[in-house]
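Colleague: Here is my input; please provide its structure:
(chains A and B)
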Amino acid sequence: MKVWLGLAAMLLLAMVVAACAGNQWATPADLLRAVDGDQALRSRLLLDWRLPRVVAAAFVGALLGLGGTIYQGVFRTPLAEPYLLGSAGGAALGATVALLVPLAMPQSWLLPLLAFAGAWGATMLVIGISRVAGAVDAAGLLLAGVAVAAILGALRSFLMLALSDETVSLQVVLSWVLGGVQTPTWRGVALLVLITLACLALAHTLARRLDVLGLGETMAVAFGLDVPRFVMLAVLAGSVIVAAAVAFGGLVAFVGLASPHVARWLVGPLHRPLLPASALVGAIVVVLADAIARSALPPAEIPLGLVTAVAGGPFFILLLARRLRAS
Amino acid sequence: MSALSAENLQVARGKSTLLRQISLKFNATESVAIIGPNGAGKSTLLKALAGTIAPTEGQVRLGRRNLAELPAAERAQSIGFLPQHFEPHWDLGVAELLEIGAARSHGLAPAALEKTMAAFELGGLERRRWSTLSGGERARVLLAMVLVVDPPVLLADEPAASLDIRHRLDLLRALADRGRKRLSVVVVHDLDLAFSFYDRVVLLAKGELIADEPAARLLDDPRLDDTFGVRFERLRTGEGWHLRACR
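Modeller: Take a look at the predicted model:
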């Protein structure tokens, strides 16, 4: 209980700090005035631009934390992450196609749909490759994931070079690829909140079976789990979650890797508490990273993905080193 | 009617046949040791009996029902399976592992969990993590996880292989004792313990059933010596038997 209150308090604090941070710093009093319905330009800007972005950052972070936990649970390794396993790359490729290729569908539908198709397709490809190669351990999966991610990245770059013109600027796509929470309308925020809650519920239904899978394949089968079928189901769910995160926040690296780790230190490895805890940790991380992205180099904005990669890269190296030393 | 039976069980992987035409019947209360030299198909037989691998031909029956057609959840509740190696991917705590094991049975009374904890002397270990447990403690936790739902059938695949002599003795004896109230089928490497503690011994070699006899009868059977390729000296000891191998 203490852990949950602590996490909630930290998230709230992070959101207040992030709402104050920016090109021009605000005080908590300014925030209160803005929320209270003050009509001054400064308050309106805070309410319509900064606050929705902070809330969106929190929920994108929650999605990344959830997605990362499911991927680590399915692949039974703490080194798994949507970004590394190519599914985020697949989602980004799908999003790029949606942004650049003129198709007869409204973009607001097309983008999440193609992002999902990309995320799911890439993950299935990684699983397929590592199965065919006979490597179902962490190293084999990661290698297959890195290869698939590289191919998808190249395809995406090619699409960007070949298809962008004056009507669709590279800038739009680049802001995706480098990761960055778009500033949504409050209606958009409401949609994101609903999607995140749905994803949380979806993840919760997988929790017990992820625990059983974590006992190893032999034990999982003996405990009545249909392993191949569950893996497919969980990958599908993970892809939905990653696609939602990418649709709202672009390609944000390493949050999906780090959040489950931190959450495991706090609440242990059982998935029922781990999934929501990981979502909270992810939310805190992305809110803070987004605040840094907005305020570190005014008036310019650093892409969020760069901030998380600079912080997350060393974290990943540390993990790898610890794991290598342990084995 | 037998509690568990195999009918013309055949298991093939690629071109090699791992089990050939095995038929066995097990009663609801007995302890059975499966023995045989390396590569005899002991583990494969146990996995097929547990329903974790599908036979190429033939079938396994749990009571009257075909195991392959049984819902997985029901199978998991009826058959406890103790694997040869168990290493959870996450560093779970003892209480958490037992909780996962107990979840196989819906509506298992919390008292059952406590009873299992007490029966396997896990009282002081509740909060310990898997990585901090000793080999003997791990064996007890694993057994408790599998038996917490009190399955009528227990299939154990040489679970004592990595234990020291005292823990191995305790474990193989506990598994044999379970045969007084339930069915307990155990792959045993230590022939002394197999013949000293178990009611019945099944001898396999190269995927075929060589002998299936009460322990006391198989003990004097020359097929035992032929199958292992040695000559055994059978020595009566205080607790049971000691088989000394000579060439």
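
Colleague: While we're on the one residue in the stretch 1-150 of chain A that gets nearest to chain B, how confident is the model there?
Modeller: Minimum separation of the stretch 1-150 of chain A from chain B (Cβ to the nearest Cβ) falls at A:Arg76, amounting to 4.1 Å. To be clear about C-beta, it is placed using only N, CA and C from the backbone, and glycine gets the same treatment. Confidence at A:Arg76, expressed as pLDDT, is 87.

Colleague: what sits against it?
Modeller: Residues near A:Arg76 by Cβ atoms under 8 Å, 6 or more residues apart in numbering or on different chains: A:Ala138, A:Leu213, A:Gly214, A:Gly216, B:His89.

Colleague: same thing with A:Leu213?
Modeller: With contact taken as Cβ under 8 Å, 6+ apart, A:Leu213 is in contact with A:Gly73, A:Val74, A:Arg76, A:Ala220, A:Leu225, A:Val227, A:Phe230, A:Val231.

Colleague: Setting aside sequence neighbours, what's the nearest residue to the first one?
Modeller: Right, the one you point to is A:Gly73. A:Leu210 (3.8 Å; Cβ to Cβ, 6 or more residues apart in numbering or on different chains).

Colleague: For that neighbour, grab the count of nearby residues.
Modeller: The criterion is other Cβ atoms under 10 Å in any protein chain shown. On that basis, A:Leu210 has 25 neighbouring residues.

Colleague: Would you list the phi and psi of it?
Modeller: A:Leu210 adopts backbone torsions of phi -60, psi -40, taken as degrees, to the nearest 10.

Colleague: pretty sure it contacts A:Gln72?
Modeller: No. Using Cβ atoms under 8 Å, A:Leu210 makes no contact with A:Gln72, being 9.1 Å away.

Colleague: re earlier: tell me the one among the contacts of A:Leu213 nearest to B:Ala109.
Modeller: Nearest to B:Ala109, judged by Cβ to Cβ, of the contacts of A:Leu213 is A:Leu225 at 23.4 Å.

Colleague: Can you classify the closest one by secondary structure?
Modeller: Recorded secondary structure, A:Leu225: coil (DSSP: H, G, I helix; E, B strand; the rest coil).

Colleague: got the phi/psi numbers for B:Gly41?
Modeller: phi 100, psi 20.

Colleague: how about the residues of the stretch 101-250 of chain A near chain B?
Modeller: A:208, A:211-212, A:214-216, A:218-219, A:221-226 (Cβ under 8 Å from any Cβ of the partner chain).

Colleague: give me every residue that touches B:Arg166.
Modeller: B:Gly136.

Colleague: give me the element it is part of.
Modeller: Using DSSP states H and E, B:Arg166 sits in helix B:165-178.

Colleague: Which SSE is immediately downstream of that helix?
Modeller: Using DSSP H and E, the next helix or strand after helix B:165-178 towards the C-terminus is strand B:183-187.

Colleague: Can you tell me which residue of chain A sits closest to chain B?
Modeller: For chain A, Cβ to the nearest Cβ, closest residue to chain B: A:Gly224, 3.0 Å.

Colleague: Please read off the pLDDT at the spatially closest residue to that residue that is not a sequence neighbour from the model.
Modeller: Closest residue to A:Gly224 apart from its sequence neighbours, by Cβ to Cβ, 6+ apart: B:Ala76 at 3.0 Å. For B:Ala76, the pLDDT comes out at 92.

Colleague: What are the phi and psi values at B:Ala76?
Modeller: The phi and psi values for B:Ala76, taken as degrees, to the nearest 10, are phi -60, psi -30.

Colleague: Quick check: it touching A:Asp226?
Modeller: No. Look at B:Ala76 against A:Asp226 with Cβ under 8 Å: they stay out of range, at 10.9 Å.

Colleague: who's in contact with A:Ala293?
Modeller: Going by Cβ under 8 Å, 6+ apart, A:Ala293 touches A:Gly180, A:Glu301, A:Ile302, A:Pro303, A:Leu304, A:Leu306, A:Val307.

Colleague: Correction: the previous question concerned B:Ala48.
Modeller: Counting by Cβ under 8 Å, 6+ apart, B:Ala48 has contacts B:Ala6, B:Leu9, B:Val11, B:Leu19, B:Ala54, B:Pro55, B:Val60.

Colleague: Can you list phi and psi of it for me?
Modeller: Main-chain dihedrals, B:Ala48, degrees, to the nearest 10: phi -70, psi -40.

Colleague: what residue ranges in the stretch 101-250 of chain A score low on pLDDT?
Modeller: Counting by pLDDT under 70, the stretch 101-250 of chain A shows low-confidence ranges at A:107, A:134-139, A:166-169.

Colleague: State the distance from the residue positioned nearest the centre of chain A to A:Thr196.
Modeller: Centrality entry for chain A: nearest residue to the mean C-alpha point is A:Leu64, 2.7 Å, by Cα atoms, centre = their mean. According to Cβ to Cβ, to the nearest Å, A:Leu64 and A:Thr196 sit 11 Å apart.

Colleague: how many neighbours does whatever residue of chain B ends up closest to chain A have?
Modeller: Taking Cβ to the nearest Cβ, chain A has its nearest neighbour within chain B at B:Ala76, 3.0 Å off. Neighbourhood size, B:Ala76 [other Cβ under 10 Å]: 26.

Colleague: Return the list of strands paired to the helix or strand B:Ile210 falls within, each annotated with direction.
Modeller: Using DSSP H and E, B:Ile210 sits within strand B:208-214. According to DSSP bridges, strand B:208-214 forms sheet pairs with strand B:200-205 (antiparallel).

Colleague: contacts for the strand it pairs with?
Modeller: The contact list for strand B:200-205, computed with Cβ under 8 Å, 6+ apart, reads B:24, B:30-37, B:40-42, B:45, B:194-195, B:209-215, B:218, B:223-224, B:227.

Colleague: do the same with stretch A:299-315
Modeller: Residues from elsewhere that reach stretch A:299-315, judged by Cβ under 8 Å, 6+ apart: A:23, A:57, A:175, A:177-181, A:249-255, A:257-258, A:285-286, A:289-290, A:292-294, A:296.

Colleague: From those, list the buried ones, please.
Modeller: A:57, A:175, A:177-181, A:249-255, A:257-258, A:285-286, A:289-290, A:292-294 (16 or more other Cβ atoms under 10 Å in any protein chain shown).

Colleague: List the contacts of the residue of chain A closest to chain B.
Modeller: Applying Cβ under 8 Å, 6+ apart to A:Gly224 gives the contacts A:Val212, B:Ala72, B:Ala73, B:Glu74, B:Arg75, B:Ala76, B:Gln77, B:Arg104.
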